[in-house]
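> How does the following fold in three dimensions:
(one chain, ligands or ions: 1)
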Amino acid sequence: MKNVIILGSTGSIGTQTLEVIEKLDNYQVKALTCGKNIELIKKQIEKFSPQIVCTQEPKDAENLSKIYPKTKFLSGENGLLEIINNQYDVLVVATSGIVSVKTVLKAIENKKTIALANKETLVMAGDIVMKKAKQYNTPIIPIDSEHSAILQCLKEFDNPNAKRLWITASGGPFLNNTRKEMAVFTAKEALNHPRWNMGKKITVDCATLVNKGLEVIEAHHLYNFDYENIKVVIHPESLVHSFVEFNDGSFLAQMGTPSMHIPIQYALTYPDRKTGIKTNSFSPYGKQLNFYEPDFERFPLLKITIECAKQGGIMPAVLNAANEVAVYKFLEGKINFLDIEKIILKEIETAKNISNPSIDEIFETDKKVRLKLSEI
Ligand code: MG
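Numbers count the residues shown, from 1 in each chain. I've put the predicted structure just below:
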């Protein structure tokens, strides 16, 4: 029996991870953590009987412990760290934010598989995280569909025959819109993603293409590829989830109906491919696949994100924090769609980079940018 701990079980990836575990033989839920969605965590406790549950607020843990006396309840950041000290086989990190980075860094010491859905971890601290993972020989398996596709094509993390990674992007809801049209789009339009059903923040990141830039950073760290050898390709049908170009000129791609269930399942069962949950049947008959070069003029944030990545140091952390604050302001209706890039650009232009930053310097940067932007 494989024991799984899910950090962030009430979010989009968390709930889909539970759907996968339900269908997989020999996998069980050991512990769950949640933020404020107490109604949902109750249902998950009743269905999956985890031994331990950690809530964000101590009050929620206290109330829940009265309803479920057999479950151990913890809360807050200390609760999270206590949870990962338990025995487990796979730790699914489906939480967002900086807390996840701290948790992953601690969990690496356990030498157990980390299935990573959290973007900040590799975007902000990829060098530090991967160095430590190597030191402890801890596998970090991506849950994102693109990185999962790449891993399925590479089969191993260091494949000497691989030459280039091609990360596919649907292009988001504004793929065919002019800048003038984008300027007046609201959150409602940005949240109307044509292919994928995801959380709100990431859906806006798909509309700006920042998400794709962040995925380039993650691929760089996960597979140790230079930025020059990681390409972005617009593929509106979202049937090819990324491909790898090999030295002999062959391309291997992973295809399937867009669904996060498959990357989640692959991360839980890697290096094996197991059949638990299945996506809707997929027929190639009559399908057309299109691939385009990204339009960096209409989507400058893709270029800016990759530029920050190349600069390294604290720049990816600056970009990540500025983007997150800007996206939430946009979701709240406080700024326009194109203001997101204005806010990010201004932050990047005024930031002073630090090379080889410590983890504390990265966290400090994140805090500073958020504080500064919250005052706008
Ligand atoms: Mg993705």
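> rest of the way, CA atoms for contacts and neighbours
Will do.
> Quick check on residue 224: phi, psi?
Main-chain torsions, residue 224, degrees, to the nearest 10: phi 60, psi 50.
> residues contacting it?
Counting by CA atoms under 8 Å, 6 or more residues apart in numbering, residue 224 touches residue 158.
> Please report how far it lies from residue 163.
Distance, residue 224 to residue 163, using CA to CA, to the nearest Å: 11 Å.
> which residues of the chain score low on pLDDT?
193-198 (pLDDT under 70).
> do that again at 80, thanks
For the chain, the stretches flagged by pLDDT under 80 are 192-199, 280-281, 376.
> care to break it down by domain?
Domain ranges of the chain: 2-142, 146-258+286-306, 312-376, per automatic domain parsing.
> Throw those into JSON lines and include distance to residue 275, thanks.
Shown next, in JSON lines, are these (distance: least, CA to CA, whole Å):
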{"stretch": "domain 2-142", "distance to residue 275": "7"}
{"stretch": "domain 146-258+286-306", "distance to residue 275": "14"}
{"stretch": "domain 312-376", "distance to residue 275": "36"}
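> out of those domains, which comes closest to residue 278?
Closest of the domains of the chain to residue 278 is domain 2-142, at 9.1 Å (criterion: CA to CA).
> can you pull out the strands in the stretch 51-200 of the chain?
Taking DSSP state E, counting those that start in this stretch, the strands of the stretch 51-200 of the chain run over residues 52-55, 72-75, 90-93, 113-116, 140-142, 162-169.
> Quick one, which of these gets closest to residue 310.
It's strand 162-169; of the strands of the stretch 51-200 of the chain, that one is closest to residue 310 (CA to CA) at 16.2 Å.
> List the contacts of that closest one.
Against strand 162-169 from outside (CA under 8 Å, 6+ apart): 146, 150, 154, 212, 216, 225, 229-236, 238, 240-247.
> Selection in PyMOL covering whichever of the residues you listed are buried, please.
PyMOL command restricting the contacts of strand 162-169 to the buried ones, with burial defined by 16 or more other CA atoms under 10 Å:
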select buried, resi 146+150+154+212+216+225+230+231+232+233+234+235+236+238+240+241+242+243+244+245+246
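> Out of the contacts of strand 162-169, list just those in strands.
Within those, residues falling in strands by DSSP state E are 230, 231, 232, 233, 234, 240, 241, 242, 243, 244, 245, 246.
> List just the nearest of the residues you listed to residue 253.
residue 243 (4.1 Å).
> Go ahead and confirm that closest one touches residue 255.
No - assessed by CA atoms under 8 Å, residue 243 is found out of contact with residue 255, at 9.2 Å.
> between the two, what contacts are shared?
Joint contacts of residue 243 and residue 255 (CA under 8 Å, 6+ apart) are residue 149.
> residues in contact with residue 129?
Listed by CA under 8 Å, 6+ apart, the contact partners of residue 129 are 104, 105, 121, 122.
> how about the helices in the stretch 151-300 of the chain?
179-183, 187-190, 200-208, 210-223, 261-269, 300-311 (DSSP state H, counting those that start in this stretch).
> Which strands or helices does whichever strand or helix holds residue 346 pack on?
In the assignment (DSSP states H and E), residue 346 maps to helix 339-350. Here helix 339-350 touches helix 315-331, going by 3 or more CA pairs under 8 Å, 6 or more residues apart in numbering; DSSP states H and E.
> which residues are contacting the helix it packs on?
120, 123-125, 186-187, 201, 204-205, 305, 308-309, 335-337, 339-341, 343-344, 347-348, 351, 353, 362, 365-366, 369-370, 373-374.
> before we move on, back to that, just the buried members of the contacts of residue 129?
Buried among the contacts of residue 129 (16+ other CA under 10 Å): 104, 105, 121, 122.
> And those, which is closest to residue 44?
The nearest one, if we look at the buried ones among the contacts of residue 129 relative to residue 44 and count by CA to CA, is residue 104, at 23.3 Å.
> Go ahead and confirm that closest one touches residue 120.
No - counting by CA under 8 Å, no contact exists between residue 104 and residue 120, whose distance comes to 10.6 Å.
> sorry, back to before: filter the contacts of helix 315-331 down to the buried ones and hand me the ChimeraX line.
Only the buried entries of the contacts of helix 315-331 go into this ChimeraX selection, using 16+ other CA under 10 Å:
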select :120,123,124,125,186,187,201,204,205,305,308,309,335,336,337,339,340,341,343,344,347,348,353,362,365,366,369,370
